[in-house]
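Participant: Build me a structure from this.
(2 chains)
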Amino acid sequence: MADVIVIGAGAVGAACAYYAARAGLDVTVVDRGPVAGGTTGAGEGNVLVSDKEPGPELDLALLSNRLWRELAEVADFEYEPKGGLVVAETPEVLARLEELAGKQGVEHTRVTDLRDYEPHLAPGLAGGVHYPQDAQVQPMLAAARLLKAARERYGSLRLRTGVTVTGVLTSSGRVTGVRTTEGDILGGAVVNAAGTWGGEIARMAGVELPILPRRGFILVTEPLREPLVRHKVYTAAYVTNVASDSAGLETSAVVEGTPAGTVLIGASRERVGFDRTVSLPVLRRLAAQAVALFPALRDVRAIRAYCGFRPYCPDHLPVIGEDPRLPGLHHACGHEGAGIGLAPATGHLLAQVLSGERPDLDLTPFDPGRFS
Amino acid sequence: MSAYDLAVVGGGPAGVAGALTAAQAGLRVALLDAAPRLGGQYFRRLPETFHATREAALHHGLDRFLRQSRALRSLADVLLEHRVWAVERHGGLGDFVVHAVAGDREERPVTVRASALLIATGAHDRPLPFPGWDLPGVLTAGGAQALLKGNLVVAGRRVVVAGTGPFPLPVAAGLARAGARVVEVLEANGPLGLARHPALAASKLGEAAGYALALARHRVPYRARQAVVAAHGDGELTHVTVGRLDRDWRVVATRTVECDTLAVGYGFVPQVELAVQAGCAMGHDLDGSPVVSVDAAQRTSVAGVYAAGEPTGVGGAELAEVEGRIAGHAAAADLRSAVHLAAEPPGTAVHRPAEPPGTPAHWAAGPAGLAVPEPLLRRRARLRAFAQALHRAYPVRPGWRDWLTPATLVCRCEEVPYEAVREAMDLGATDARSVKLLARPGMGWCQGRMCGYAVACLAGELPQAPRRPIAQPITLGSLERMTDDPS
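Facilitator: Residues are numbered from 1 along each chain as shown, chains lettered A, B, ... in the order given. Prediction:
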């Protein structure tokens, strides 16, 4: 019998398991696939504070930013504190970016000559804001190595891949475990870290969570010998798109290099359910936007494209905490496109809840009961 | 309205035969191929400048292929040096868009629109990793053949040919004829693979006997149950370790052979990514390869999409040609009946399955094979049975994994050693995809074409149909300028 059963071995599930094990709890992680096989394996590994409006999500992001830096000492997952550069095409947009940065109250620098930061940026941009805290991790390695580190350091963690949860067990109105394709697993608490599929797990437990998939495509270039892009570079439109409610296709240029030498090009957002059909118009738009930002990319070849499904809630905030409707059931999902960045804070705060401690941040804005 | 009735991707035996058959039946056909000349891998052609008069000696059936190619050029649009990177269903059924990039230095995007699509994209080599396989001087058997057929600079080389199945034989024979010193030919399976199926092999045995004769003439020894299990050299190949193998390919004894060139071939991987893009149902061949499922008329599960040749299962050039012809006949008949049905005035009393408007009825529910000459179907059956017999006689056995050392590169593009693959599995990867996500094999330039089979085996699963939305590298500039309107 485990103290905690974590459903989902993505970045968020791994962080929950890591902090719970560190707190001395006995943890079992189950995933129907491999480690990091879902949304974690289909993103870019963003650890951003720059794109968050002031409020609870920014608080979560700042806590997470600090925790990622700590975790990078624990395990190797290509943590790169490379900084983010948000660029504005016009002086008006630049003024709004600076206003946002002022309200965010996070470390930032106003940039007038963008080429000091990114020599290959297109001419004619008005300027930008540099956020030194923005970082990137290799998210699959991060999830896998955190789980391994927890296993090795705290010895109270079991990882069971290829095990599908088919039901949530309850007794006298309290969660007692999960039913799986490999038999029942009993535990004192269940953490729903199933990401985009978190709504399904909630339904098994008889509660509703309005989590829906938002599709995003990413283009990957051939590996470049010389790094062309140093920071995570994106246009101001990304900030507005992140908070958008539109169901239609939205794209904004997000361009960054990786340690492997490739350049990752995002970001698109569409609400089309779990449809994996490749959309060539989306790829074309991503290419056009990236080339507009970095003209030297015109002659660089794309070799790969992939898509993933980001789990979003109607209010664009994640769901973190114990479900008031079913004691013992905890949620840690619905992080949309910020799940990698917000994973450590989510895991840390949830571990505090599981240990009966007062969490470092007020979890009320993320309360699972807020939708009912 | 589509610009063409049929777009054929691939200019090898299957594509050319399919395109020609369809064009002779009156269809407007476009054929696209990445190479500067028709031929595919099998009939890979000498550069024009060689003016080789004895070229036919290098190829079985080349004369016949050249006749087909000439006929095709007068009946269809042949678009060479067009690398197809994506296909999509544009409007509804029967409206396909083929996206390619043309030219070499000055790449430009090209779009071809057609009512039907024939996927005849062939196959590529299936290497197995072993220590030293990344040394200069180590080639795939197909690569050696390409060298031989493409520019003939092998004279004076000291070559070992290793692998399994019949393909290494013509490679060795060709190398010997071109002046290379072929030290030995190694077959990892038993020696009697072909002879066990003499009835099926009648025609093929003649071909094999020819190669055997050629090898004998050049005094090339052919050794069964042996393989190159390691290649050595300081910066370039100088010698190899040859292992004597048990039935499962585990090494029971070794010896050293000096050579400066090694050609290895352990079968082929069908190129099926365009079929995956089009949404065609996939299956697995006997050799474990993901293949496109087709009916008796080479139709895939997607109406209007046909597949012929290696994408439906590796079986060689002769089978590819027959399948291409069948697909050409089927496409012509299906399109004719679709046009015929569409031309009927509304309200005529015709029994038709209930379908959305605009669906060519025949594609959805047509009887298979009606339009295809019976002798072709019989030849295909015989050649397929032979191909299956070869798969059974020359499997890849699991013992090759024991040839690997922790430092052996599994993926050459990303330089991923075997130990990294094992670490990924230790971290919780359970299939080839998650191994790739954690350790990067298959993330590089070739997108897993070379290492995909080995990584899947190491991860303990059958290779899965590759999901490659970008089937060929394309510059972001071309991607940006891509158009949906056919040029």
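
Participant: Going by secondary structure, the residue in the stretch 51-200 of chain A positioned nearest to chain B is in what exactly?
Facilitator: In the stretch 51-200 of chain A, the residue that lies nearest chain B is A:A144 (3.9 Å; C-beta to the nearest C-beta). Placement of C-beta: from N, CA and C, glycine included. Counting by DSSP states H and E, the element that carries A:A144 is helix A:139-154.

Participant: Kindly check the end-to-end length of stretch A:65-81 for me.
Facilitator: 10 Å (C-alpha to C-alpha, to the nearest Å).

Participant: list the buried ones in it?
Facilitator: Of all the residues in stretch A:65-81, those buried under the rule 16 or more other C-beta atoms under 10 Å in any protein chain shown are A:65, A:67-68, A:71-72, A:75, A:77-80.

Participant: how many other residues sit next to residue 112?
Facilitator: The chain I'm using is chain A. Neighbourhood size, A:T112 [other C-beta atoms under 10 Å in any protein chain shown]: 9.

Participant: ah, no, chain B please
Facilitator: Neighbours of B:V112 (other C-beta under 10 Å): 25.

Participant: go on, B:E107?
Facilitator: 18.

Participant: Show the contacting residues for it.
Facilitator: B:101, B:474-475, B:477-478 (C-beta atoms under 8 Å, 6 or more residues apart in numbering or on different chains).

Participant: Quick check: the farthest pair among those?
Facilitator: B:V101 and B:G477 (10.1 Å; C-beta to C-beta).

Participant: out of the two, which sits in the busier spot?
Facilitator: A direct count of neighbours by other C-beta under 10 Å for B:V101 and B:G477 places B:V101 higher, at 23 against 20.

Participant: residues in contact with that one?
Facilitator: B:V101 neighbours (C-beta under 8 Å, 6+ apart): B:82-83, B:85, B:107-110, B:472, B:474-475, B:478.

Participant: ok, now with 10 Å
Facilitator: A:301, B:34, B:81-85, B:107-110, B:472-475, B:478-479, B:482 (C-beta atoms under 10 Å, 6 or more residues apart in numbering or on different chains).

Participant: Distance-wise, check it relative to B:A231.
Facilitator: Distance check for B:V101 against B:A231: by C-beta to C-beta, to the nearest Å, it reads 35 Å.

Participant: need the helix or strand of chain B with the lowest average pLDDT.
Facilitator: Using mean pLDDT, DSSP states H and E, the weakest-scoring helix or strand in chain B turns out to be helix B:361-365, at a mean of 38.

Participant: for the next helix or strand after that helix, the distance to its chain's centre please.
Facilitator: Downstream of helix B:361-365, the first helix or strand assigned by DSSP H and E is helix B:374-393. Offset of helix B:374-393 from its chain centre (C-alpha atoms, centre = their mean, to the nearest Å): 17 Å.

Participant: Would you mind naming what in the stretch 301-450 of chain B lies close to chain A?
Facilitator: B:413-414, B:423-431, B:433-440, B:442-448 (C-beta under 10 Å from any C-beta of the partner chain).

Participant: Quick check on those: which are buried?
Facilitator: Using 16+ other C-beta under 10 Å, the buried ones in these are B:413-414, B:423-425, B:427-431, B:433-440, B:442-444, B:446-448.

Participant: So which of those belong to helices?
Facilitator: Among these, the residues falling in helices (DSSP state H) are B:423-425, B:427, B:433-439.

Participant: Most widely separated two among the residues you listed?
Facilitator: B:E423 and B:R433 (16.3 Å).

Participant: ok, whichever residue of the stretch 251-400 of chain B sits closest to chain A - how many residues close by?
Facilitator: Nearest residue of the stretch 251-400 of chain B to chain A, counting by C-beta to the nearest C-beta: B:Q277, 6.8 Å away. Neighbours of B:Q277 under the rule other C-beta under 10 Å: 24.

Participant: any common contacting residues for B:V101 and B:G477?
Facilitator: In contact with both B:V101 and B:G477: A:301, B:107-109, using C-beta under 10 Å, 6+ apart.

Participant: quick one: secondary structure of B:A144?
Facilitator: Classification of B:A144 by DSSP: H, G, I helix; E, B strand; the rest coil places it in helix.

Participant: residues in contact with it?
Facilitator: Counted by C-beta under 10 Å, 6+ apart, B:A144 has contacts B:125, B:138, B:154, B:157, B:159, B:161, B:168, B:171-172, B:174-175, B:180, B:261-265.

Participant: thinking again about what came up before, could you pull up the mean pLDDT of the helix holding A:A144?
Facilitator: The average of the pLDDT scores along helix A:139-154 is 96.

Participant: hmm, back to that, gap between the residue of the stretch 51-200 of chain A closest to chain B and B:P131?
Facilitator: 27 Å.

Participant: Look at these two and report which has more neighbours.
Facilitator: It is A:A144, of A:A144 and B:P131, that has more neighbours when counted by other C-beta under 10 Å, with 30 against 19.

Participant: Show me where chain A has its helices.
Facilitator: Remark: helices assigned in chain A by DSSP H are A:11-22, A:56-74, A:91-104, A:139-154, A:198-204, A:237-242, A:280-293, A:339-354.

Participant: tell me the angle the third one makes with helix A:56-74.
Facilitator: I take that to be helix A:91-104. 80 degrees (axes from the mean of the first three to the mean of the last three C-alpha atoms, to 10 degrees).

Participant: Also the fourth one?
Facilitator: Following the same axes, to 10 degrees, one obtains 60 degrees for the angle between helix A:139-154 and helix A:56-74.

Participant: again, but for the last one
Facilitator: For helix A:339-354 and helix A:56-74, the angle between their directions (the same axes, to 10 degrees) works out to 90 degrees.

Participant: Rounded mean pLDDT for helix A:339-354, please.
Facilitator: Mean predicted confidence for helix A:339-354 is 98.

Participant: Any buried residues in it, and which?
Facilitator: Buried, per 16+ other C-beta under 10 Å, within helix A:339-354: A:339-354.

Participant: what's the spacing between it and its chain's center?
Facilitator: On C-alpha atoms, centre = their mean, the centre of helix A:339-354 falls 12 Å from the chain's centre.

Participant: how many other residues sit next to B:L62?
Facilitator: 16.

Participant: wouldn't it be in contact with B:F43 here?
Facilitator: Yes - at 6.1 Å, B:L62 counts as touching B:F43 under the criterion of C-beta atoms under 10 Å.

Participant: what's the single longest strand in chain B?
Facilitator: strand B:108-119 (DSSP state E).

Participant: That strand pairs with which strands?
Facilitator: Here strand B:108-119 is paired, per DSSP bridges, with strand B:4-9 (parallel), strand B:96-102 (antiparallel), strand B:305-307 (parallel).

Participant: Pairing partners for the helix or strand just after it, with directions?
Facilitator: Using DSSP H and E, the helix or strand that follows strand B:108-119 in sequence is strand B:123-125. If you go by DSSP bridges, strand B:123-125 pairs up with strand B:268-270 (antiparallel).

Participant: so what's the residue nearest to A:R115 when sequence neighbours are not counted up against?
Facilitator: Among residues not flanking A:R115 along the chain, A:L121 sits closest, at 6.1 Å (C-beta to C-beta, 6 or more residues apart in numbering or on different chains). By C-beta under 10 Å, 6+ apart, the contact set of A:L121 is A:85, A:87, A:114-115, A:128, A:229, A:233, A:255, A:293-296.

Participant: repeat for B:A17
Facilitator: Counted by C-beta under 10 Å, 6+ apart, B:A17 has contacts B:8, B:64-65, B:68, B:72, B:120, B:308-309, B:317, B:320-328.
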